[in-house]
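could you look at this predicted model? Sequence included:
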Amino acid sequence: MKSMARQNRLTDALRYTACAVMVLVIAVPLYISVMGGFKSVGQLRAEPLSIPHPYYWNQYLDMLSGRVGGFWSELLSSLLVGAGTVAVVLVTGTFAGYALARLRFRLNRVLYSYFQLGLLFPLAVAILPLYVQLRTLHLLDTRIGVILPQAAFGLAMMIMLLRGFFRAIPLELEEAAAIDGYGPFGFLFRITLPLSTPILATVSVITLVASWNNFFTPLLVFNSQKKFTLPMGVMDFMGEHAADWNMILAFLTLAIIPAVVIYVLCQKYIVAGLAAGAIKG
Amino acid sequence: MSRASFLTLLVLIGPAFVLFTGLVIIPVFEAAVFSFYKWNGLGPMVNFRGLQNYLQFVQDVIVHKALLHNLLIAFVSLVIELPLAMGLALIVSNRRFPGAVFFRTFFFLPYMLSEVITGVLWQFIYHPQYGLVRDLWSVVAPSATAPALMGSASTVLGAILVVIVWKYFGLHMTIYIAGLQDIPQEQIEAATIDGASRGRIFRSVVLPGMRTAIQLSVFFSMIGSFQLFDIVWAMGKGDPVNAGETIVTYMYKIGLQRFTIGYGSTIAVCIFLICLAFSIVYQRILVKEID
């Protein structure tokens, strides 16, 4: 028994060591980014890991006051594109997922398989024709031109998640609703949606995060700087201030903060979405 | 289930159908059509080349290089990233392990950062004059100057691989934790009472129970390896001399920087065919194993 306890202590120590090493591996780059933003270039060169002394606030203040770079406009653009994508996915995905889950019609299975095809087609395959098509539709350099393709390519996965959830709603509820005189829309809006807040939140959060981090679509579509999203802004800023690493790090830190906030607030839904995908997949 | 009228269906499915068809299905088919032409994206598409673009693809030295890099990325994911994720999942899924929730949350954080931000941050870490690499190097070889990992053809891919593992292991760990939670606790307890060793329990109870989770994460990482773009673009765009090139960065350069839309589409179609072939073979193997 005693040796067992000792063995357990030993494995616990090993576990903590492994976890501590990984924490460091993740934390050190983030720490370098946050602190680097407070340093002068000279300080950066001399001591990358130390706490800055003195703190130089002007990098962060210049970004936040808009004197350097376009942090606020890029943040706004990221928000607008993200919110637009979430709205389009929620409306089209909920409607289609509901119809495919709860309504009987001849092409139901065929249509579901058709949407599932989307899981096979990565954005990369379609990006060149998409560019030509957006140009024809005069959607290049517009936010709609980013929102619609992002929504379209997220749709397959989201319809799968939503349909799965809607199918689990008991049939008796629908029968009771029919007796009360609700049609398919009444059942959708009065009963299904209020019961579905967890999955709607999951779909929204996953879509928002994907849009927030996406670089490929905005890179394809946006031309004018005032529409750039944060990832594009970072790339652009880096091109213009190649030597001012303290500025770049300050910008990176500011761009990381919203993602961390989203993560802390919505962690439950992100993990739930992944787990749902993992079990169904 | 009630029978639905055509109008109801039109309202419910119509928007998703139009969006999906117009921006996913049609472009994919167009890519297939473009891939047979020589076309710069402007004017009429008249220069039909038959299979010549495909011939060019097969013979293109940079394509070979890029695909090799993609394979290497897939291989590293398989032998380093996924075992790492599995090991950590086994540790932090144990509820009696104090701090488990904190570790779980923290390990997933890199996955939440955008690829571009991650890539630029690591460019700084690798910077020979400012970065962490310089300090680590000064411990190993105090007198020598630190190597420019991102600037040298022999190290750039390795440098990118480290970042890929850093960024994505948390995703796979989270998938494994979900899989572990599906294994009935009684099974593990029963095996423990029967005197099975930890290794034995892992092989005979845990691994089989996580089958779906493992299949999914392998699938994600293989397909993901062939579609990698953002991180590589943010870490030097595949340069120097294509040493960090992946197949999608090459497609982007051919298609939208040189405006050779025809040949770019050929590359796109081949990426799709590679992924499709992989998923068919993968599913075949899995189905066979279950039988």
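Structure received.

how many neighbours does the residue lying closest to B:Ser265 once chain neighbours are set aside have?
Among residues not flanking B:Ser265 along the chain, B:Phe34 sits closest, at 3.7 Å (C-beta to C-beta, 6 or more residues apart in numbering or on different chains). Heads up, the C-betas are built off the backbone N, CA and C, glycines and all. B:Phe34 is flanked by 26 other residues according to other C-beta atoms under 10 Å in any protein chain shown.

quick one, helices of the stretch 51-200 of chain B?
Under the criterion DSSP state H, counting those that start in this stretch, helices of the stretch 51-200 of chain B are mapped to B:52-59, B:61-76, B:82-92, B:100-112, B:115-125, B:132-140, B:156-181, B:185-193, B:198-201.

how far away from the center of its chain is the fourth one?
So that's helix B:100-112. Mean-position distance between helix B:100-112 and its chain equals 19 Å (C-alpha atoms, centre = their mean, to the nearest Å).

list the contacts of that helix.
A:19, A:22-23, A:26-27, A:209, A:213, A:259-260, A:262-263, A:267, A:270-271, B:88, B:91-94, B:118, B:166-171, B:173-174, B:177 (C-beta atoms under 8 Å, 6 or more residues apart in numbering or on different chains).

and it, what's buried?
By neighbour count on 16 or more other C-beta atoms under 10 Å in any protein chain shown, the buried set for helix B:100-112 is B:100, B:103-104, B:106-112.

quick check: angle from the longest helix along chain B to helix B:61-76?
Across chain B, the helix with the greatest residue count (assigned by DSSP state H) is helix B:261-290. Orientation note: helix B:261-290 sits at an angle of 30 degrees relative to helix B:61-76 (axes from the mean of the first three to the mean of the last three C-alpha atoms, to 10 degrees).

how about B:Asn47, phi and psi?
Main-chain torsions, B:Asn47, degrees, to the nearest 10: phi -90, psi 80.

quick one, grab the pLDDT at it.
Per-residue pLDDT puts B:Asn47 at 91.

neighbours of it, just the number please.
11.

was I right to think it contacts B:Trp39?
Yes - with contacts counted by C-beta atoms under 8 Å, B:Asn47 reaches B:Trp39, the gap being 6.5 Å.

give the contact list for the residue nearest to B:Ser265.
Counting by C-beta under 8 Å, 6+ apart, B:Phe34 makes contact with A:128-129, B:45, B:261-262, B:264-265.

and the residues you listed, which is closest to A:Ala152?
Nearest to A:Ala152 among the contacts of B:Phe34 is A:Pro129, at 12.7 Å by C-beta to C-beta.

what does the helix or strand that closest one falls within contact?
A:Pro129 belongs to helix A:123-136 when assigned by DSSP states H and E. When contacts are defined by C-beta under 8 Å, 6+ apart, helix A:123-136 is touched by residues A:140, A:145, A:149, A:153, A:216-217, A:220-221, B:22-24, B:26-28, B:30-31, B:34, B:41, B:227, B:229, B:248, B:251-252, B:255-256, B:261, B:264-265, B:268-269, B:271-272.

any idea which residue is closest to the centre of the chain?
I went with chain A, as the question did not name one. A:Val209 (1.0 Å; C-alpha atoms, centre = their mean).

think we crossed wires, I meant chain B
Nearest to the geometric centre of chain B sits B:Gly224, at 2.3 Å (C-alpha atoms, centre = their mean).

after the strand or helix carrying it, next one along is what?
Assigned by DSSP H and E, B:Gly224 belongs to helix B:211-226. Next along the chain after helix B:211-226, taking DSSP H and E as the criterion, comes helix B:230-234.

can you tell if stretch B:139-150 touches chain A?
No - on the criterion C-beta under 8 Å from any C-beta of the partner chain, stretch B:139-150 is out of touch with chain A, staying 11.4 Å away.

pull the distance from that stretch to the chain's centre.
Chain-centre distance of stretch B:139-150: 31 Å, with C-alpha atoms, centre = their mean.

what does stretch A:97-117 give?
For stretch A:97-117, the distance to the chain centre is 26 Å (C-alpha atoms, centre = their mean).
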